[in-house]
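**Student:** attaching a predicted model along with its sequence, questions to come.
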Protein chains: 2
Amino acid sequence: MALEHAILVSLAERPGTGYEIGQQFQRSIGYFWSATHQQIYRTLKKLHADGLVTYESIAQDGRPDKKVYTVSAAGRELLADWANSPTPVMPLRSDLGVKLRAAEFGDLAAMIGELKAHRDALQEQLSLYERFDADYYPEPDALTGRKLHQYLVLRGGIKAAATNIEWIDEVIVGLQRELDDQSQPPG
Amino acid sequence: MALEHAILVSLAERPGTGYEIGQQFQRSIGYFWSATHQQIYRTLKKLHADGLVTYESIAQDGRPDKKVYTVSAAGRELLADWANSPTPVMPLRSDLGVKLRAAEFGDLAAMIGELKAHRDALQEQLSLYERFDADYYPEPDALTGRKLHQYLVLRGGIKAAATNIEWIDEVIVGLQRELDDQSQPPG
DNA sequence: GTCCGCATGTAACTTGTTACATGATTTA
DNA sequence: TAAATCATGTAACAAGTTACATGCGGAC
């Protein structure tokens, strides 16, 4: 359900094309939700069929028309209702968690390499988020409204990435010890 | 892809029925992956069609037959290959993150209530995990193999839940301040 | 006598992924 | 001249959700 809502949020903040929404999913909203352009176009079509958005086709020279979408009154109402109604707690999902349980059937050294690659990718993400944090939100206590909410979402992204890195480091230490014990069993 | 692998991991650790796998998804593996029984039965059927598992039908009195599944040699090979090959880094997903961005279109007080409900649910989950941690893994440094991996997965669940709670608390503080400012604007 | 646990399944639907397709403009 | 950006889409498939269906045994 959340993709529909994520798109409505994005359009309610400012009208735009499917393409532009796709860009946003790479950044701000993307800290917490992602979608491919196919999903976005498909969902926009459905939102339009349901009367939750309207669009205006804009001709461009040398490019296909673009459709600038705007949230309708019904769309805003749905968004408000959703914001005020409870959402179920989402279960965790982690490929690495499953994979770790499969480690005994594979190769420990390979698993450690994989973990390091993930840690590096997460570290890069974290650095990016921290740069946003420093650049755009130097005085968090003064924030209100949309800016505050965006900041808090960013904080969530930072915390999630940092914790994930910590966990991966813990796993690497554990598996490394196991690997060392295997090559030099305690006598 | 990971559901297939999660089921293979579970069956490789010990053979069992679809029902039993469903139970496991409520606990250990469930810290990091979840599935409904329909998904499990469907996937088992597919794994069987692909020759990755075999099963033995066992008649029971007063109950439908149960099928005890076992991983085949091909299944073990696939599992090992998967364990040794890279997985892409998963993007985050959080309904609450999206919802927070919708807060400006709804009611702040309702949002805070919702956050508190999530915090309570997460706190309960965390307590459960911490009890498992204390009960089953009193001496983590002595663990090896499967037990170690299970412990590390549990640690991930604990860290993720704890961080999430921290984040929610931070969001509640922020939104509460905003709400207070609204009722008593600074003069 | 009603709910819970065991045990499996079909069907319909929604969501998410991957591949393919078009086509001009700008940048390297 | 090759790639990236803007801009939209179809089609096929895989994964996840929700509803419905069956039926016994034991606990409350």
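**Tutor:** Right, received. Where do you want to start?
**Student:** what segments of chain A are strands?
**Tutor:** Assignment of strands within chain A using DSSP state E yields the ranges A:53-60, A:63-71.
**Student:** quick one: closest of these to residue A:78.
**Tutor:** Proximity to residue A:78, assessed across the strands of chain A by C-beta to C-beta, is greatest for strand A:63-71 (9.0 Å). To be clear about C-beta, it is placed using only N, CA and C from the backbone, and glycine gets the same treatment.
**Student:** now the closest one against strand A:53-60, angle please.
**Tutor:** For strand A:63-71 against strand A:53-60, the angle between stretch directions is 160 degrees (axes from the mean of the first three to the mean of the last three C-alpha atoms, to 10 degrees).
**Student:** show me which parts of strand A:63-71 are buried, residue by residue.
**Tutor:** A:66, A:67, A:69, A:71 (16 or more other C-beta atoms under 10 Å in any protein chain shown).
**Student:** before we move on, the earlier item: determine which of the strands of chain A approaches DNA strand D most closely.
**Tutor:** Across these, DNA strand D has its closest neighbour in strand A:63-71 (3.4 Å, C-beta to the nearest atom of the strand).
**Student:** anything in the closest one near DNA strand D?
**Tutor:** Yes. Strand A:63-71 is in contact with DNA strand D by C-beta under 7 Å from any atom of the strand, via A:63, A:64, A:65, A:66, A:67.
**Student:** so who does the last one touch?
**Tutor:** This points to residue A:67. By C-beta atoms under 8 Å, 6 or more residues apart in numbering or on different chains, the residues touching residue A:67 are A:17, A:18, A:44, A:55, A:56, A:57, A:58.
**Student:** hmm, 10 Å instead?
**Tutor:** Remark: with contacts taken as C-beta atoms under 10 Å, 6 or more residues apart in numbering or on different chains, residue A:67 is in contact with A:16-19, A:41, A:44, A:48, A:53-58.
**Student:** by neighbours, which of these wins?
**Tutor:** Of all the contacts of residue A:67, the most densely surrounded is residue A:53 (24 neighbours; neighbours counted as other C-beta atoms under 10 Å in any protein chain shown).
**Student:** OK, contacts around that one?
**Tutor:** With contacts defined as C-beta under 10 Å, 6+ apart, the neighbours of residue A:53 are A:7-8, A:11-12, A:15, A:43-47, A:67, A:69-72, A:74-75.
**Student:** which of the residues you listed are buried? Put it as a PyMOL command.
**Tutor:** Selecting the buried subset of those in PyMOL, with 16+ other C-beta under 10 Å as the burial test, is done by:
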select buried, chain A and resi 7+8+11+12+15+43+44+47+67+69+71+72+75
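**Student:** narrow the contacts of residue A:53 to those in helices?
**Tutor:** With helices taken from DSSP state H, the overlap with the contacts of residue A:53 comprises A:7, A:8, A:11, A:12, A:43, A:44, A:45, A:46, A:47, A:74, A:75.
**Student:** surely the second one is in contact with residue B:99?
**Tutor:** No. Contact status for residue A:8 versus residue B:99: not in contact, 11.6 Å apart, counting by C-beta atoms under 10 Å.
**Student:** intersection of neighbour lists for the two?
**Tutor:** residue A:82.
**Student:** not counting its neighbours along the chain, what's nearest residue A:161?
**Tutor:** In space, not counting the residues next to it along the chain, residue A:161 is nearest to residue A:126; the distance is 4.2 Å by C-beta to C-beta, 6 or more residues apart in numbering or on different chains.
**Student:** report the contact partners of the one you found.
**Tutor:** A:157, A:158, A:159, A:160, A:161, A:162, A:164, A:165.
**Student:** quick check: pLDDT value at the residue nearest to the second one when sequence neighbours are not counted.
**Tutor:** Distances taken as C-beta to C-beta, 6+ apart place residue A:129 nearest to residue A:158, at 4.8 Å, with adjacent residues excluded. The confidence metric pLDDT takes the value 92 at residue A:129.
**Student:** residue A:2 now?
**Tutor:** So, for residue A:2, pLDDT stands at 89.
**Student:** what do you get for the one 5 residues further on?
**Tutor:** Among the per-residue scores, residue A:7 shows a pLDDT of 96.
**Student:** also the one 10 residues further on?
**Tutor:** At residue A:17, the predicted lDDT confidence score is 96.
**Student:** quick check: it touching residue A:7?
**Tutor:** No. When contacts are counted by C-beta under 10 Å, residue A:17 is not listed as touching residue A:7 (11.7 Å).
**Student:** now the contacts of residue A:126 as TSV including distance to residue B:79, neighbour count and pLDDT?
**Tutor:** What follows is those, written out as TSV (distance: C-beta to C-beta, whole Å; neighbours: other C-beta atoms under 10 Å in any protein chain shown; pLDDT from 0 to 100):
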residue	distance to residue B:79	neighbour count	pLDDT
A:157	32	24	95
A:158	35	19	96
A:159	33	17	97
A:160	28	23	96
A:161	29	22	96
A:162	31	16	98
A:164	24	25	97
A:165	27	18	98
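**Student:** so the helix or strand of chain A with the lowest mean pLDDT, near DNA strand C or not?
**Tutor:** The least trusted helix or strand in chain A, going by mean pLDDT, DSSP states H and E, turns out to be strand A:63-71, with a mean of 89. Yes. Among the residues of strand A:63-71, A:63, A:64 lie within reach of DNA strand C under C-beta under 7 Å from any atom of the strand.
**Student:** look up how far residue B:152 lies from residue A:63.
**Tutor:** To residue B:152, residue A:63 is 51 Å away according to C-beta to C-beta, to the nearest Å.
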